[in-house]
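Novice: This is a predicted model, with the sequence first.
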Amino acid sequence: MPHAGCVPEIAPPVRMPPWFARPGARSWTCAPAPAEVREFHASLPGYAPTPLIELPRLAAELGVGRVFVKDESSRLGLPAFKALGASWAVHRALAERAGHGGAADPVTLVAATDGNHGRAVAQLARLLGQRARVFVPRGVHPEAVAAIAAEQAEVTRVAGSYDDAVREAAEAAAAPDTILVQDMAWPGYERIPGWIVEGYSTLCAEIDEQVTPDLIVVPVGVGSLAQAVVTHYRSRPAGPAPALLSVESTAAPCVIESLMAGEPVSVATGETIMAGLNCGTPSSIAWPYLRGGLDAAVAVTDADSARAADDLAALGVSAGPCGAASLAGIRAALTGDGADERRAALGLGPASTVVLLSTEGRAANPTTPGRASSMPDKITVNGGRLWRSLMDLAEVGAYDDERTGLRGVNRLALTDADAEGRRLVIKWMEQAGLAVRVDRMGNIYGRREGSDPAAAPVLTGSHLDSVATAGAFDGCLGVLGGLEVVRTLNEHGITTRRPIEVCVFTEEEGVRFGTDMLGSAVAAGRLTLEYAHALTDRGGLTLGGELTRTGFDGPADVRLEPPHAYVECHIEQGPVLAEHGVEVGVVTGVQGISWQEITIHGRAAHAGTTPTHLRADAGLAAAQIIVRLRAMVDSGNYGGLRATVGHLAVHPNLTNIVPARATLTVDLRNPDDTQIAQAEEDLAAFLRSLENSRPGLTLTTRRMARTAYVSFDEDVRKAIAQAADDHGLEHVSLLSGAGHDAQEIAVLCPTAMIFVRGEYDGISHNPREYSTPEACAHGVDVLATTLLRLANQD
C-alpha cells in the first residue's frame with residue numbers, strides 16, 4: 001500500500017458547484033449484471049483485482065471515517081478500467097457472430113474514443129487477430145493517440161467533438177465484416193453498449209470483496225460506468241445500499257443537465273483536460289439508471305481536477321484528470337456554500353466510508369502536472385446555465401401583464417425589486433469567485449484577477465434596471481452573459497493576462513430619474529456625482545436617497561480608470577438581424593440622442609361655455625407639437641431622424657375642462673449630429689412661434705439628456721467579427737438605434753457591442769421581448785471568445 005504522504009492544503013472553493021440531488025434513489029431497484037462476467041475476466045491472462053488504497057489524510061480533510069481510492073491505473077495491461085467493458089463486449093460480439101455462422105476471417109472492430117476505450121478495443125483486436133479502426137475527436141492528447149496507434153489500429157482524426165466522432169464511427173461500421181464496439185448507446189444501437197456496461201460490473205464486485213462503502217463516487221461521461229455502478233448496487237436484494245455520486249466536467253455536463261431537465265439532453269461541449277468525460281449526450285441505455293439510481297451529481301472544473309490529480313500523486317496514487325475527477329467531485333460536494341445540505345443528501349457522517357473510483361492513471365491521459373490546460377483561443381459557454389440564470393432573474397420584479405397575457409418584468413432603478421435583483425447577481429458573482437465592489441453611484445463591478453493584476457482590465461456588462469413593462473433580456477443578457485464567461489473561464493482553469501470585470505450600471509433606462517445611461521455617464525465623467533444624486537423621481541425621492549435606502553451607496557470611487565477595452569452584449573431591440581437571418585450583429589456605433597421635456601402652460605376653462613378663439617388650450621398645443629415632429633420626420637430634411645413623444649400628461653385631466661397644463665417628452669435620434677442639432681433648432685423655433693400665436697400660452701423646455709453619435713472602435717469590432725467567424729456564426733454590421741452604456745464607456749477605452757437577435761421583429765420594452773436560448777448562447781459564445789482574446793493582449 002502506498003505511503004500516505006503530505007497533501008497540500010487546499011482552500012475550499014468559494015463558488016457553489018453545479019449540483020443535483022434526488023431523494024429516495026437508494027430505494028430504486030433494477031436487475032443485476034450476469035454473474036459470468038466476473039468469471040470471464042478471471043480467466044483472462046494477466047487478470048488481477050486492482051488495489052483499493054486507503055488514504056486517511058483525505059478522510060480527515062473531508063470529515064468522514066475512511067476514504068479509499070479504487071486505483072484503475074493498471075488494468076489488464078492498460079492504464080484504465082475500459083479493458084473490462086471492451087473485453088466482455090468483444091467476446092460476446094465475436095461469439096455471437098460465430099454462432100450465427102459468420103466467416104472465420106478477421107473483422108474490423110470500430111470505435112470512437114476520447115482515449116481509453118479506443119485503446120482497449122485496439123488492444124483486444126490485436127490480441128485476437130482482428131483489425132481495429134478508431135475515431136478520435138479534437139482535444140485528445142497526441143500521446144494518447146499514439147498509444148492507440150501502437151496497438152496496430154487505424155486511427156482517424158475527427159475535427160469535431162466526441163459526438164461527431166461517434167457519428168463517423170457508426171457510418172464506417174456500416175461496411176461489411178465490421179463491428180461497432182461503442183460504449184455509448186442510442187435508439188437502435190444498444191446491445192453492444194449493454195455488454196460493455198456488463199463488463200464494468202467486475203470492478204464493483206471487486207470493491208465488495210475489499211470494503212463495504214457508504215458512498216461511491218464515479219466519474220461520468222456518457223454514463224456507462226455509472227450505469228454499471230447503479231446496476232450493481234441497486235440490484236442487491238438485502239443490506240444497506242450506498243449513496244452514489246456522479247462527477248463530470250463543467251465543460252461537458254450532459255448528465256447533470258439531463259437530470260435537471262428530467263430527460264436526456266445534449267449539451268455543447270468545450271475543451272477540457274478530462275478528455276474521457278468530454279461527452280455531450282448521455283447514453284440511451286444508461287439514462288434510466290442515472291435518473292433512477294443516482295443520489296446526486298456534481299460537475300467540476302479542469303483546475304479542480306488538476307489539483308486533485310497532483311494531490312493523489314503526492315499520496316502515491318497515479319491518477320489522470322478523469323480518474324482524479326472523483327476526488328475533485330467529493331471536495332466540491334463537501335466544501336463551500338451549501339456543503340451541509342449536500343453532505344446530508346449523501347448521508348455522510350464522521351464514520352462513513354467513501355470509495356473514489358480513479359478510472360485512469362496519468363499514462364492514460366497525459367497532461368502537464370499542476371497545469372489545467374494550455375490557453376485556448378476559443379471558448380464555448382454553458383448555454384443551459386445561462387438560460388436558467390436569465391429565467392431566475394426574470395422572476396425578480398415579475399408581474400402578470402393583462403394586455404399581453406405574458407409574464408413581464410418591472411424593475412425600475414433602485415426600487416425594491418431592482419435592489420433584490422442586484423443582490424442576487426452579487427451573490428452569483430461571489431459564487432463565481434469575483435471580488436465585488438460598489439461605487440457611490442451604485443454601479444457594481446465583479447473582478448476576476450489576471451496573471452498581471454496591474455494590467456488595465458477588460459470590462460463587460462450592462463444594466464439590470466428595466467422599464468415598467470419589460471421582458472427578461474434587455475440589459476440582463478449583458479450582465480449574465482459576462483458572468484457566464486467568468487464561470488466558463490473558471491471551469492477551464494484559464495487565467496487571462498488581464499483582469500476581467502463584469503459591470504452592472506445604475507439607471508440605464510432613465511425611466512425613474514429622467515436621465516438615461518446615468519451610472520455609466522458618471523463613471524465615464526460626462527455627468528457629475530452631485531448632479532446624479534440630486535435627481536428626483538415623480539414622487540420627489542432623490543437618487544442619492546434611494547441609493548442609501550437600498551444599501552447601494554457604495555464606498556468605491558465612481559470614476560473609472562481607463563480600461564483596456566469594453567464589450568457589451570445586448571439584445572438588438574429591432575428587426576435587422578431577423579431580416580438578415582442571422583443571430584449575431586457587430587454594432588458599428590450608437591446614434592445621437594436628444595431628450596427634452598416640454599411644459600405648456602395655458603388656461604383652464606369650461607368646455608361648454610368658452611369659445612374656441614378665446615381658449616389657451618395646452619392640450620391642443622401638445623397635439624400640434626406631436627404633429628409637427630412627425631412632419632419633420634416625413635420631410636426627409638433631417639436624414640434618418642426618428643422622433644417620439646413617449647410621455648404626455650395634461651392637467652387637470654378632466655372631461656369638461658380645457659387643459660391648463662400639458663407636459664410631454666420628446667425623443668430625437670439621428671446618426672448625424674449635425675442633423676439632430678438642426679432638428680432641435682427647428683423644433684425650438686416652432687415652439688416660439690406656437691407660443692406667439694396663442695395668447696395665454698407659455699412654453700418652457702428642460703434638457704433631459706443629450707448624447708452625440710458614437711462610433712465604436714474598429715479593432716474591437718474586428719475582434720467580435722472574428723470570434724463570430726470562429727464559432728461558425730454568420731453576422732452583419734449595424735448601427736444601434738437605442739442608447740447603451742457602451743456609448744458612455746467609449747470615451748474611456750476601445751469599445752464595441754454584440755447584438756443578439758430577438759423574435760417578433762425584435763420587440764423590446766414589452767413582455768413579448770424574447771430571444772431564443774440558442775441565440776443567447778451564441779451571442780455569449782462570441783462575447784466569451786472576444787473577451788478571452790482581448791484579456792490576453794499585451
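Specialist: Thanks, I have it. Residues are numbered from 1 along each chain as shown.

Novice: Just give me how far whichever strand or helix holds A95 sits from the chain centre.
Specialist: Using DSSP states H and E, the element containing A95 is helix 83-99. Centroid separation for helix 83-99 versus its chain: 41 Å, with CA atoms, centre = their mean, to the nearest Å.

Novice: Which elements pack onto that helix?
Specialist: Packing contacts for helix 83-99, counted by 3 or more CB pairs under 8 Å, 6 or more residues apart in numbering; DSSP states H and E, involve helix 36-42, helix 116-127, helix 191-210. In this view, the C-beta of every residue, glycine as well, is placed from N, C-alpha and C.

Novice: Would you indicate which residues of the shortest one are buried?
Specialist: Judged by neighbour count (16 or more other CB atoms under 10 Å), helix 36-42 contains these buried residues: 37-38, 40-41.

Novice: Over to the last one?
Specialist: For helix 191-210, a neighbour-count test (16+ other CB under 10 Å) marks 192-207 as buried.

Novice: same for the helix or strand following that helix, what does it pack against?
Specialist: Where DSSP H and E defines the elements, the next helix or strand beyond helix 191-210 is strand 215-219. For strand 215-219, the packing partners by 3+ CB pairs under 8 Å, 6+ apart come out as helix 224-233, strand 243-249, helix 321-334, strand 353-358.

Novice: how far off helix 224-233 does the shortest one point, in degrees?
Specialist: Right, the one you point to is strand 353-358. For strand 353-358 against helix 224-233, the angle by axes from the mean of the first three to the mean of the last three CA atoms, to 10 degrees is 150 degrees.

Novice: Mind listing the strands strand 353-358 pairs with, and their directions?
Specialist: Sheet neighbours of strand 353-358, with direction, are listed as strand 66-71 (parallel), strand 215-219 (parallel) (DSSP bridges).

Novice: In this structure, where is pLDDT below threshold?
Specialist: By pLDDT under 70, the low-scoring segments of the chain are 1-16, 100-104, 238-239, 365-375.

Novice: Give me the domain ranges for it.
Specialist: 48-79+213-363, 83-192, 383-590+710-791, 592-707 (automatic domain parsing).

Novice: Out of those, flag the one nearest R22.
Specialist: In terms of CB to CB, the element of the domains of the chain nearest to R22 is domain 48-79+213-363, at 6.4 Å.

Novice: Please give the centre-to-centre distance between that closest one and its chain.
Specialist: 23 Å.

Novice: Same check on stretch 442-451?
Specialist: Put simply, stretch 442-451 sits 18 Å off its chain's centre (CA atoms, centre = their mean).

Novice: do the same with stretch 75-82
Specialist: How far stretch 75-82 lies from its chain's middle: 35 Å, per CA atoms, centre = their mean.

Novice: For that stretch, buried residues please.
Specialist: 75-76, 78-82.

Novice: Serialize those residues to JSON lines and add fields for secondary structure and distance to A398.
Specialist: Formatted as JSON lines, those follow (DSSP: H, G, I helix; E, B strand; the rest coil; distance: CB to CB, whole Å):
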{"residue": "R75", "secondary structure": "strand", "distance to A398": "53"}
{"residue": "L76", "secondary structure": "coil", "distance to A398": "57"}
{"residue": "L78", "secondary structure": "strand", "distance to A398": "54"}
{"residue": "P79", "secondary structure": "coil", "distance to A398": "53"}
{"residue": "A80", "secondary structure": "strand", "distance to A398": "49"}
{"residue": "F81", "secondary structure": "coil", "distance to A398": "48"}
{"residue": "K82", "secondary structure": "coil", "distance to A398": "49"}
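
Novice: Show me which of the residues you listed is closest to A719.
Specialist: Of the buried residues of stretch 75-82, the one sitting nearest to A719 (CB to CB) turns out to be A80, at 40.3 Å.

Novice: how near is that closest one to R768?
Specialist: Distance, A80 to R768, by CB to CB, to the nearest Å: 52 Å.

Novice: do the same with P213
Specialist: Distance of P213 to R768, computed by CB to CB: 53 Å.

Novice: neighbour-wise, which of these two wins?
Specialist: P213 (24 against 18; other CB atoms under 10 Å).

Novice: Could I get the contacting residues of that one?
Specialist: 68, 207, 242, 353-355 (CB atoms under 8 Å, 6 or more residues apart in numbering).

Novice: Ok, P767 next?
Specialist: If a contact means CB under 8 Å, 6+ apart, then P767 has 401, 404, 406-409, 469-471 as its contacts.

Novice: quick one on the thing from earlier: output the strands paired with strand 353-358 in CSV; the columns should cover mean neighbour count.
Specialist: What follows is the strands paired with strand 353-358, written out as CSV (neighbours: other CB atoms under 10 Å):
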stretch, mean neighbour count
strand 66-71, 24
strand 215-219, 27
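
Novice: Which stretch among those strands approaches I657 most closely?
Specialist: strand 215-219 (76.9 Å).

Novice: Other residues contacting the closest one?
Specialist: 207, 225-226, 229, 233, 242-248, 274, 276-277, 322-323, 325-327, 329-330, 346-348, 352-357, 359.

Novice: Tell me the buried residues within those residues.
Specialist: By neighbour count, with 16+ other CB under 10 Å, the contacts of strand 215-219 hold 207, 225-226, 229, 233, 242-248, 274, 276-277, 322-323, 325-327, 329-330, 346, 348, 352-357, 359 as buried.

Novice: coming back round to it: helices - which of the contacts of P767 land there?
Specialist: Counting by DSSP state H, these place none of their members in helices.

Novice: Can you flag the buried ones in those residues?
Specialist: Buried, going by 16+ other CB under 10 Å: 401, 408-409, 469-471, out of those.

Novice: Start from the N-terminal end of the stretch 351-500 of the chain and give the strands.
Specialist: 353-358, 398-400, 407-409, 435-438, 444-448, 458-463, 500-505 (DSSP state E, counting those that start in this stretch).

Novice: Distance to S693 for those - can I get that in a markdown table?
Specialist: Formatted as a markdown table, the strands of the stretch 351-500 of the chain follow (distance: least, CB to CB, whole Å):
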| stretch | distance to S693 |
| --- | --- |
| strand 353-358 | 87 |
| strand 398-400 | 44 |
| strand 407-409 | 43 |
| strand 435-438 | 52 |
| strand 444-448 | 51 |
| strand 458-463 | 42 |
| strand 500-505 | 43 |
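
Novice: Of those, give the one that comes closest to W387.
Specialist: With distances scored as CB to CB, the stretch of the strands of the stretch 351-500 of the chain nearest to W387 is strand 407-409 (15.2 Å).

Novice: What is the closest one packed up against?
Specialist: strand 398-400.

Novice: Let's see that with 10 Å instead.
Specialist: When contacts are defined as 3 or more CB pairs under 10 Å, 6 or more residues apart in numbering; DSSP states H and E, strand 407-409 packs onto helix 383-394, strand 398-400.

Novice: Deepest-packed of those, please.
Specialist: helix 383-394 (a mean of 19; mean count of other CB atoms under 10 Å).

Novice: Touching, R191 and S284? I think so.
Specialist: No. Contact between R191 and S284 fails when scored by CB atoms under 10 Å: they sit 11.9 Å apart.

Novice: Please tabulate the contacts of P767 in TSV, including the columns distance to G581.
Specialist: Output for the contacts of P767, formatted as TSV (distance: CB to CB, whole Å):
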residue	distance to G581
D401	29
T404	26
L406	26
R407	28
G408	28
V409	28
T469	29
A470	27
G471	22
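
Novice: In space, what's closest to T496 - neighbours in sequence excluded?
Specialist: Closest residue to T496 apart from its sequence neighbours, by CB to CB, 6 or more residues apart in numbering: A791 at 3.7 Å.
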